[in-house]
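Asks: Next comes the sequence, and after it the predicted model I'd like to discuss.
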Amino acid sequence: MKAVLAGGGSAGHVSPLLALADRLVADDPATEIVALGTETGLEARLVPARGYRLHTVPKVPLPRRPSLDVLRLPTNLTRAVRAARQAIDELGADVVVGFGGYVAAPAYLAARRAKVPIVVHEQNSRPGFANRLGARLTRSVAISFPGTPLRHAVRTGLPLRAEIVSLDMAAMRPAARAAFGLDPDRTTLLVFGGSLGAQRLNDVVPGVAAQITAAGVQVLHVCGHGKPVADPGLSGGAPAYVVVDYVDHMELAYAAADLVVGRAGANTVSELTALGLPAVYVPLPIGNGEQRLNAEPVVAAGGGLMVADADLSPDWLRANLLPLLADSDRRRTMGEAARGFGRLDADRELATLVRAAIAGGSD
């Protein structure tokens, strides 16, 4: 198989792209992969680091308001489609798989012109422009969450990193807690706002640190680079409240945790549910509301709680988080519900859809 995988700009696009690439190569080592991305996105670093070729495509931002970018759009899009077509032709691609983002729309248009089968994977519950376009050009459409409004969609889940899929939480827990200087036997709360951190969590959660630690619970708080954390005001001898800017290996942080407070990006929700971790989801209040929609079915299944960003307060945490931290049976039940919603086999399911698309030819 020769596959062009298009997705870039954010970890939400790049992570599933790499997970699919790894699965395709694991299934057949002769598989050739070329990733399409921009020069400035995370893919510029992550794709070559994983050993795959990156073919850069000019970034085509879609203007959200009247500006000169509207006049430049046809020229910019033409250049991007031409660059994507070059990658398709040079590889002799059998398929183009898009994950959304800046490079996906040019990739879909180039594939259509080249009569190469297209597969679309949408990470969020509410699709963006690129994948809405792609879904009009193919019947091979995969989604991460039920109810995502794309034609012909089948739920594969979100392809996850091998480090997550293979994680043995119980076996890893002692080493994971030791890595962060945590007590191996204490209930542990993980607070994190995705790869960039979340200032709202940094401001509010420390406000109940005294009550959390008084209950014998320790905290690992991943705050994000350059995002300060309010002083938890703890005295010596209390359970640890460990603050770190960033975690390179989030599987360690997950293994250390009994409960999570975090955002509701597609990667976060998919990883937590696959691992059976109960969570309090605080959806990012900007964008098109996709984070709330990502978390809603998990919460409905009993796998977590959800609170709006504006409603997150020390009072809310005292009333809702503290009782949950004190109730191991309830956390266990929530974790089982989360695991029932999660998917560990999404990479295999998407790879199967890719092979079927190739066998079926161009739509």
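Replies: The structure has been received and is ready for your questions. Just so it is clear, the model here is predicted, and its values are computed rather than measured. Numbering: from 1, shown residues only.

Asks: Which of the three states applies to Gly287?
Replies: Recorded secondary structure, Gly287: coil (DSSP: H, G, I helix; E, B strand; the rest coil).

Asks: what about it, distance to Gly128?
Replies: For Gly287, the distance to Gly128 (CB to CB, to the nearest Å) stands at 10 Å. The way it works is simple: take the backbone N, C-alpha and C, and place the C-beta from them, glycine included.

Asks: which residue ranges form the strands in the stretch 201-350 of the chain?
Replies: Applying DSSP state E, counting those that start in this stretch to the stretch 201-350 of the chain gives strands spanning 218-222, 241-244, 259-262, 279-281, 304-306.

Asks: Within the sheet, what are the partner strands of the second one, with directions?
Replies: So that's strand 241-244. Applying DSSP bridges, strand 241-244 is found paired with strand 218-222 (parallel).

Asks: now the partner strand, how far from the centre of its chain.
Replies: Averaged C-alpha coordinates place strand 218-222 at 20 Å from its chain's average position (CA atoms, centre = their mean, to the nearest Å).

Asks: More neighbours: Gly287 and Gly128, which one.
Replies: Neighbours per residue, other CB atoms under 10 Å: of Gly287 and Gly128, the larger number sits with Gly128, 19 against 12.

Asks: My read is that the more buried one contacts Gly98, right?
Replies: No: using CB atoms under 8 Å, Gly128 is not in contact with Gly98; the gap is 10.9 Å.

Asks: Can you list phi and psi of Ala84 for me?
Replies: Per-residue torsions, Ala84: phi -70, psi -40 (degrees, to the nearest 10).

Asks: Run a quick neighbour tally on it.
Replies: Other residues lying near Ala84 total 29 when counted by other CB under 10 Å.

Asks: wouldn't it be in contact with Val57 here?
Replies: Yes: look at Ala84 against Val57 with CB under 8 Å: they come within range, at 5.5 Å.

Asks: Find the residues that touch each one of those two.
Replies: 6, 36, 103, 106-107 (CB atoms under 8 Å, 6 or more residues apart in numbering).

Asks: Reformat those as TSV; add neighbour count and secondary structure.
Replies: Below are the shared contacts of Ala84 and Val57 laid out as TSV (neighbours: other CB atoms under 10 Å; DSSP: H, G, I helix; E, B strand; the rest coil):
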residue	neighbour count	secondary structure
Ala6	35	strand
Leu36	32	strand
Val103	33	coil
Pro106	27	helix
Ala107	32	helix
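
Asks: could the residues you listed go into CSV alongside pLDDT?
Replies: Shown next, in CSV, are the shared contacts of Ala84 and Val57 (pLDDT from 0 to 100):
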residue, pLDDT
Ala6, 96
Leu36, 95
Val103, 92
Pro106, 95
Ala107, 96
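
Asks: gap between the worst-scoring helix or strand of the chain on mean pLDDT and the chain center?
Replies: Counting by mean pLDDT, DSSP states H and E, the weakest-scoring helix or strand in the chain turns out to be helix 68-91, with a mean of 85. For helix 68-91, the distance from its own C-alpha centre to the chain's C-alpha centre is 27 Å (CA atoms, centre = their mean).

Asks: Show residues contacting that helix.
Replies: Residues from elsewhere that reach helix 68-91, judged by CB under 8 Å, 6+ apart: 2, 4, 6, 32, 34, 36, 55-63, 93, 96, 103, 105-107, 109-111, 113-114, 116.

Asks: Now, those residues that are in helices?
Replies: 105-107, 109-111, 113-114 (DSSP state H).

Asks: got CSV for these, with distance to Pro232 too?
Replies: Shown next, in CSV, are these (distance: CB to CB, whole Å):
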residue, distance to Pro232
Ala105, 45
Pro106, 47
Ala107, 46
Leu109, 51
Ala110, 52
Ala111, 52
Arg113, 57
Ala114, 56
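
Asks: Which of these has the largest number of neighbours?
Replies: Neighbour max across the ones in helices among the contacts of helix 68-91 (other CB under 10 Å) = Ala107, 32 neighbours.

Asks: who's in contact with the spatially closest residue to Asn320 that is not a sequence neighbour?
Replies: In this structure, Asn320 finds its nearest non-sequential neighbour in Leu305, 6.3 Å apart by CB to CB, 6 or more residues apart in numbering. By CB under 8 Å, 6+ apart, Leu305 lies in contact with 279-281, 299, 320, 324.

Asks: 10 Å instead?
Replies: Listed by CB atoms under 10 Å, 6 or more residues apart in numbering, the contact partners of Leu305 are 259, 261, 278-282, 295, 298-299, 316, 320-321, 324, 334.

Asks: for Val120, same thing?
Replies: Taking CB under 10 Å, 6+ apart, we find Val120 in contact with 6, 96-100, 104, 108, 127, 130-143, 150-153, 353, 357.

Asks: ok, back up a step: in the contacts of Leu305, find the pair that's most separated.
Replies: Spatially, the most separated pair among the contacts of Leu305 is Val298 and Trp316, at 18.9 Å (CB to CB).

Asks: Who has more neighbours out of these two?
Replies: More crowded of Val298 and Trp316, by other CB under 10 Å: Val298, with 27 against 17.

Asks: The more buried one against Tyr281, yeah?
Replies: Yes: counting by CB atoms under 10 Å, Val298 does reach Tyr281; the two are 7.4 Å apart.

Asks: Excluding covalently adjacent residues, which one is nearest to Glu32?
Replies: Using CB to CB, 6+ apart, the closest residue to Glu32 is Lys2 (4.6 Å).

Asks: Now that that neighbour has come up, it's in contact with Ala93, right?
Replies: Yes: Lys2 lies in contact with Ala93 (CB under 10 Å); the separation is 5.2 Å.
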